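A.B. asks: show me how the following folds:
(one chain, ligands or ions: 2)
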Amino acid sequence: MLPTRLEIIPTQGVIPAVLAKVPTSTTLTVTCLPHHGVERTMETAVALAGHGFTVVPHLAARAIGSREQLARLIRSAAGAGIAEIFAIGGDTAVPAGPYSSSESLMREIVELSGRTIKLGVAGYPEGHPSISRLQLMESLQAKAELADHVVTQMCFSVPTIAEYIAGLRSEGVLLPVWAGVAGSAPRTKLVFLATKIGVGSSLRFITGKGALGRQLLSGSRYQPGALIRDLTSLPKPPDGIHLYTFNALDAVDSRP
Ligand SMILES: NC(=O)C1=CN([C@@H]2O[C@H](COP(=O)(O)OP(=O)(O)OC[C@H]3O[C@@H](n4cnc5c(N)ncnc54)[C@H](O)[C@@H]3O)[C@@H](O)[C@H]2O)C=CC1
Ligand SMILES: Nc1nc(=O)c2c([nH]1)NC[C@@H]1CN(c3ccc(C(=O)N[C@@H](CCC(=O)O)C(=O)O)cc3)CN21
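C.D. replies: Ligands and ions are numbered 1, 2, ... in the order given. Next up is the predicted model:
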């Protein structure tokens with residue numbers, strides 16, 4: 001069985017929900033959305049670390065206002081025993097401060113923390129709506145020396161994920177890859193979110209005529225079990241599963 005991490009959204013009430021439903025042996029990652037800001041992510045991460053979870057806050061480069069703010073965030077993380085951060089560019093249209101991409105954020109984190117903090121970066125098996133594949137690969141190659149692993153954008157296709165991992169290897173990116181998988185969610189919500197975050201091909205995949213599309217349309221709730229099983233059986237499986245829970249923690253099959 002592949003190691004699994006759960007991504008949660010720092011909404012009101014998420015901490016009691018996690019405490020009630022998720023064992024503390026689980027690694028949680030806390031997303032960072034433009035309308036929430038980075039402070040909320042870090043406060044939630046610090047609180048959960050205080051309850052004994054291993055926590056990975058996401059920091060969105062474009063949402064950080066200043067170097068001082070970043071230094072404070074890093075100090076809070078270190079003070080709570082947080083040893084890893086997921087570095088992402090972020091969906092904020094205009095950068096709030098000096099960091100416009102995850103690479104510049106990572107360079108600063110390394111400078112401020114002296115490489116004591118592990119860093120995760122995003123991977124895009126189906127590309128990105130506004131960044132070319134070449135640019136994504138070049139930026140990933142530039143970040144690889146600072147990163148500890150790649151977490152992929154959610155994807156519903158096993159061959160696409162397998163080809164993506166093989167493609168990284170052939171381009172010299174040897175980092176561990178965690179496959180981003182949507183957790184159990186109402187199909188309508190997944191379609192809405194996939195549109196919002198720009199997972200175009202995945203959206204076609206889950207609404208289209210393929211086997212998985214039919215499977216998704218056949219029930220009102222998507223379940224990731226079959227996808228996870230098939231990823232696990234690949235000749236070269238991903239290093240882990242990153243489950244986007246959408247805070248539907250009741251539906252999470254909590255595995256270590
Ligand atoms: N995969 C995930 O979990 C998440 C993805 N995102 C989205 O992914 C974007 C990229 O984030 P990272 O992978 O950290 O990339 P990044 O910040 O490392 O940027 C990759 C490359 O694309 C350029 N770039 C960034 N945003 C662009 C845009 N909107 N239009 C054109 N070029 C752009 C950068 O200058 C860089 O060369 C975010 O800005 C956001 O839209 C946001 C949150 C989570
Ligand atoms: N472009 C992009 N931005 C992201 O923030 C993002 C990605 N891609 N890819 C992977 C994950 C998945 N993400 C998300 C983003 C939003 C919800 C979500 O449920 N949004 C609710 C609002 C939540 C709230 O603010 O209370 C929604 O209804 O949009 C879930 C996962 C974050 N990540």
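
A.B. asks: please count neighbours and contacts with C-alpha atoms only from this point.
C.D. replies: Will do.

A.B. asks: quick check: closest non-adjacent residue to residue 123.
C.D. replies: The shortest distance from residue 123 to any non-neighbouring residue, by CA to CA, 6 or more residues apart in numbering, is to residue 152 (4.3 Å).

A.B. asks: tell me, how many residues neighbour that neighbour?
C.D. replies: Neighbour count of residue 152, defined by other CA atoms under 10 Å: 22.

A.B. asks: quick check: residues of the stretch 1-150 of the chain near ligand 2?
C.D. replies: Selection of the stretch 1-150 of the chain residues close to ligand 2 by CA under 6 Å from any ligand atom yields 11, 31, 33, 91.

A.B. asks: are any of the residues you listed buried, and which?
C.D. replies: Among those, those scoring as buried are 31, 33, 91 (criterion: 16 or more other CA atoms under 10 Å).

A.B. asks: for the second one, give me its contacts.
C.D. replies: With contact set as CA atoms under 8 Å, 6 or more residues apart in numbering, residue 33 has these partners: 90-91.

A.B. asks: same question, the first one
C.D. replies: The neighbourhood of residue 31, defined by CA under 8 Å, 6+ apart, consists of 7-10, 41, 57-59.

A.B. asks: and of these, the nearest to residue 182?
C.D. replies: residue 7 (9.7 Å; CA to CA).

A.B. asks: phi and psi next, for the closest one.
C.D. replies: The phi/psi pair for residue 7 (degrees, to the nearest 10) reads phi -90, psi 130.

A.B. asks: for it, list each beta-bridge partner.
C.D. replies: Counting by DSSP bridges, residue 7 is bridged to residue 29, residue 244.

A.B. asks: the strands in the stretch 51-200 of the chain, which residues?
C.D. replies: Taking DSSP state E, counting those that start in this stretch to define them, one finds strands in the stretch 51-200 of the chain at 54-60, 84-88, 118-123, 149-152, 177-182, 185-186.

A.B. asks: make a markdown table out of those strands and add distance to residue 161 and mean pLDDT.
C.D. replies: Below are the strands of the stretch 51-200 of the chain laid out as a markdown table (distance: least, CA to CA, whole Å; pLDDT from 0 to 100):
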| stretch | distance to residue 161 | mean pLDDT |
| --- | --- | --- |
| strand 54-60 | 22 | 98 |
| strand 84-88 | 20 | 98 |
| strand 118-123 | 10 | 98 |
| strand 149-152 | 8 | 98 |
| strand 177-182 | 7 | 97 |
| strand 185-186 | 21 | 88 |
